[in-house]
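> Give me a model of this one.
(one chain, ligands or ions: 1)
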Amino acid sequence: MIKRYIYGKPIETEAVVKTLAPTEGTVPYLAATETEEAYVFEYDMNAYDRLYGLGENIRGINKRGHIYESNCSDDPMHDEGKSSLYGAHNFLIIKGEKTFGLFIDMPSKVIFDCGYSHKDQLKITVTSKDFDLYIIEEKSFTAIIKAFRELIGPSYIAPKWAFGYQQSRWGYKNEEDLKKVVAGYRENHIPLDAIYMDIDFMDNFKDFTIDPNGFSDFKATVAELKEQGIRLVPIVDAGVKIEKGYDVYEEGVEKGYFCTNEKGEDFVAAVWPGLVHFPDFLNKDTRKWFGEKYKILLDEGIEGFWNDMNEPAIFYTPEGLQEAFEKVDEIRQKDNIGIYEYFDLKDSVSHTGNNPKDYQRFYHQVGDQRIRHDKVHNLYGYNMTRAAGEAFETLEPDKRILLFSRASYIGMHRYGGIWTGDNISWWSHLLLNIKMMPSLNMCGILYTGADLGGFGGNTTEDLLLRWLQFGCFTPLMRNHSALGTREQEAYQFTDLESFKNIIGIRYGLVPYLYSEYMKAALRNELYFRTLMMDYPEDSFAENVEDQLMVGESLMVAPVYEQNARGRYVYLPEEMLMIKFKSLTDRSYKIMEKGHHYIQVELEEMVCFIKPNHFIPLCSGGEYIEALDENHLELCGFIKDEASYELYQDDGFSKDYHNPAHFTHIKVSKENKALQVTCNKSELSFTLNLH
Ligand code: GLC
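The predicted structure is shown next:
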């Protein structure tokens with residue numbers, strides 16, 4: 001049951017799709033205090049209470065012990081010390097003696113002090129008097145998640161090609177660069193489905209333009225690569241370059257589609273293109289206008305986009321810069337600059353980017369209300385992506401378009417996925433990637449993944465290989481890196497065979513991974529789960545944060561430490577371990593419930609199958625559309641019988657619920673002989689059951 005408590009006059013966020021009648025009276029579980037500008041909710045935790053949720057965030061799956069702030073932030077240096085990442089996802093489950101979920105629908109800062117100030121106290125500060133608080137009570141932990149997912153509506157579904165391996169790098173400038181990447185993959189027979197075009201493909205970083213010096217005939221390049229099974233995915237940035245003659249800028253100014261400053265003039269900030277205006281995505285006319293701009297690239301044959309810098313990221317504002325200059329001038333007058341003045345000097349310059357003060361300098365027009373940005377900050381990236389998603393409904397009504405964003409708020413999951421932003425080539429960020437997946441899924445964000453290999457810093461061959469071994473399971477499997485870092489396309493390294501093998505395994509797994517994704521999206525379920533969700537009675541399973549359940553049959557236990565040639569794994573029940581060297585070179589071992597140390601060499605990948613479960617595998621290929629999914633290998637662990645629901649469609653259309661897409665496969669063991677039944681005659685199977 002979900003109870004909705006309304007405080008003041010909440011700003012409409014459209015995070016939820018169901019309008020619940022308000023509940024009167026005091027909120028259960030939480031002690032509420034009203035201060036001058038905020039509401040504070042407190043909950044006394046006992047020693048064993050755990051906290052789950054908060055979507056895209058740092059640290060563990062159990063959020064207890066740290067302080068988190070919902071405040072969409074562009075932070076490429078995110079480490080354990082930080083409190084906010086790119087998304088704001090205010091859904092939390094308190095699990096313990098009392099188990100309940102809560103969702104705070106408020107688009108500005110919400111602070112979740114999860115036992116940071118006081119070890120045994122959860123303290124939530126909502127920095128506004130106007131918000132909705134939902135309390136979710138169900139009979140189990142997973143039922144709470146499901147109820148919440150039903151409240152916020154269905155998850156975005158990507159086209160099937162976007163379940164292939166994808167290569168990105170900031171720095172591919174022109175068609176030669178892109179073709180070099182294609183050749184690197186195709187010549188080495190390493191599968192690939194897409195190449196991303198970062199800001200360099202644009203003409204001077206202007207959205208929806210193509211650099212004429214880099215591309216002689218863009219449409220022809222798009223078509224030529226598509227012939228080879230490769231899609232190009234361009235970036236769209238939030239800031240629109242201020243430049244006379246640039247139509248997007250001129251139209252935006254003329255129609256009043258940009259955010260304004262206090263005086264009502266178009267607000268100016270600086271991002272990649274230099275000075276920009278920010279489209280006012282909270283204004284529905286702006287959304288419609290900006291969304292239609294994607295047609296420029298759709299008309300060139302483009303079928304996917306990534307929306308970036310939409311927290312929005314601000315490098316500086318002229319006002320902020322002016323204040324910094326003044327500070328520098330003031331300090332410069334002194335003869336002897338004291339150490340604190342020196343720190344001040346440094347900070348005044350280095351804090352010009354993403355400065356909280358700048359987020360108070362601009363305004364949105366929402367209906368007849370003018371709202372200062374910081375009051376609705378967390379809605380910006382969401383509404384940029386919504387602008388595109390809504391436009392695709394009319395521009396491409398019958399076709400799925402790939403779309404994901406950097407910033408997000410709950411509700412955006414209906415329009416697109418996210419990638420987890422600018423991570424670093426650190427082993428700890430591989431582990432963070434693993435830990436972040438279930439909490440994102442809890443918030444409906446299913447199409448997601450991290451920059452494999454790490455965005456900032458120089459990757460190493462072993463880090464990339466290990467990261468790809470986990471990336472094989474993330475719906476978005478994209479290798480991306482920053483300008484100036486070591487080149488990290490899979491073909492740049494020594495052991496090409498291993499890269500080919502690991503990425504090849506992903507393609508073999510696609511029948512399973514795609515089925516699991518579709519079922520999770522269509523049924524408001526989780527694609528990635530913690531062990532605790534599947535084994536609620538197992539008190540040890542709850543401690544495990546570096547193994548995940550993927551879909552209904554599999555558990556993964558990635559290796560995430562350098563030079564490790566194996567790892568400890570906890571099996572909550574007897575399982576079949578599959579050790580892959582390549583898609584076809586595999587070994588199997590049935591392992592007992594309990595703790596094990598398993599050997600996993602650098603070129604190997606392991607996963608585990610639950611008893612009476614199997615996974616459908618295909619024979620692989622170099623891109624998604626080349627896969628033969630009519631003949632499947634059923635690979636699994638059968639004690640008596642198992643059934644599986646396979647999902648297959650054309651990968652583009654939107655008639656998701658068509659019963660023809662669901663195939664029921666049943667395997668049973670009768671007198672030691674295996675029987676397979678299936679309701680689709682065109683499918684044939686090879687059995688590999690243990
Ligand atoms: C941001 C994005 C990153 C991109 C870069 C240049 O840092 O997060 O993915 O490569 O901008 O566009």
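> Enumerate the beta-bridge partners assigned to the residue in the stretch 201-350 of the chain that the ligand sits nearest to.
Nearest residue of the stretch 201-350 of the chain to the ligand: residue 308, at 5.0 Å (CB to the nearest ligand atom). Any C-beta I mention is one placed from the backbone N, CA and C, and that applies to glycine too. In this entry, residue 308 is beta-bridged to residue 237, by DSSP bridges.
> Okay, and the nearest residue to residue 688 once chain neighbours are set aside sits in which element?
Closest residue to residue 688 apart from its sequence neighbours, by CB to CB, 6 or more residues apart in numbering: residue 635 at 4.5 Å. Taking DSSP states H and E as the definition, one finds residue 635 inside strand 631-637.
> Tell me which other helices or strands that strand touches.
Contacts defined by 3 or more CB pairs under 8 Å, 6 or more residues apart in numbering; DSSP states H and E place strand 631-637 against strand 575-580, strand 605-609, strand 613-617, strand 641-647, strand 662-670, strand 684-689.
> what lines up beside the next helix-or-strand element following the first one in the sheet?
The one in question is strand 575-580. Downstream of strand 575-580, the first helix or strand assigned by DSSP H and E is strand 586-591. Using DSSP bridges, the strands paired with strand 586-591 are strand 575-580 (antiparallel).
> now the angle between strand 631-637 and the strand it pairs with, please.
130 degrees (axes from the mean of the first three to the mean of the last three CA atoms, to 10 degrees).
> got JSON lines for the helices and strands packed on strand 631-637, with mean pLDDT, distance to residue 567 and mean neighbour count too?
Listed next are these as JSON lines, based on pLDDT from 0 to 100; distance: least, CB to CB, whole Å; neighbours: other CB atoms under 10 Å:
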{"stretch": "strand 575-580", "mean pLDDT": "98", "distance to residue 567": "12", "mean neighbour count": "22"}
{"stretch": "strand 605-609", "mean pLDDT": "98", "distance to residue 567": "9", "mean neighbour count": "25"}
{"stretch": "strand 613-617", "mean pLDDT": "98", "distance to residue 567": "22", "mean neighbour count": "25"}
{"stretch": "strand 641-647", "mean pLDDT": "97", "distance to residue 567": "27", "mean neighbour count": "18"}
{"stretch": "strand 662-670", "mean pLDDT": "92", "distance to residue 567": "31", "mean neighbour count": "16"}
{"stretch": "strand 684-689", "mean pLDDT": "94", "distance to residue 567": "25", "mean neighbour count": "14"}
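> Can you tell me which of these is nearest to residue 322?
strand 605-609 (53.9 Å; CB to CB).
> Strand partners (parallel or antiparallel) of that closest one?
Partners of strand 605-609 in the sheet, by DSSP bridges, are strand 554-556 (antiparallel), strand 575-580 (antiparallel).
> So what touches that strand?
With CB atoms under 8 Å, 6 or more residues apart in numbering as the test, strand 605-609 has contacts from 469, 472, 502, 505, 550, 553-557, 569, 571, 575-580, 591, 598, 600, 615, 635-637.
> Just to check, residue 494 is in contact with residue 462?
No: the criterion here is CB atoms under 8 Å, and residue 494 misses it with residue 462 at 10.5 Å.
> Neighbour count for the two, which is higher?
Counted by other CB atoms under 10 Å, residue 494 and residue 462 do not tie: residue 462 has more neighbours, with 19 against 8.
> so after the one helix or strand that one maps to, what's the next helix or strand?
Assigned by DSSP H and E, residue 462 belongs to helix 461-471. Counting by DSSP H and E, the next helix or strand C-terminal to helix 461-471 is strand 477-479.
> So which elements touch the host helix or strand of residue 330?
Element membership of residue 330 [criterion: DSSP H and E] is helix 318-332. Where contact means 3+ CB pairs under 8 Å, 6+ apart, helix 318-332 is packed against helix 339-350.
> contacting residues around the helix it packs on?
The set of residues that contact helix 339-350 without belonging to it, under CB under 8 Å, 6+ apart, is 323, 324, 327, 328, 331, 334, 337.
> Kindly report the same for stretch 287-299.
Contacts of stretch 287-299 (CB under 8 Å, 6+ apart): 207-208, 234, 236, 248, 251-252, 255, 257, 279, 281, 305, 383-384, 386-392, 395-396, 401.
> from those, which would you call buried?
Among the contacts of stretch 287-299, those buried by neighbour count (16 or more other CB atoms under 10 Å) are 207-208, 234, 236, 248, 252, 257, 279, 281, 305, 383-384, 386-392, 395-396, 401.
> what's near enough to touch the closest residue to residue 103 other than its chain neighbours?
Nearest residue to residue 103, sequence neighbours excluded (CB to CB, 6+ apart): residue 134, at 4.3 Å. Residue 134 makes contacts with 2-5, 16, 20, 101-105, 148, 151, as judged by CB under 8 Å, 6+ apart.
> What segments of the stretch 51-200 of the chain are strands?
67-70, 87-88, 91-95, 100-105, 110-114, 121-126, 131-136, 165-167, 194-197 (DSSP state E, counting those that start in this stretch).
> do you know which of the strands paired with strand 605-609 lies nearest the ligand?
strand 554-556 (25.3 Å).
> In that closest one, which residues are buried?
Residues of strand 554-556 classed as buried by neighbour count (16+ other CB under 10 Å): 554, 555, 556.
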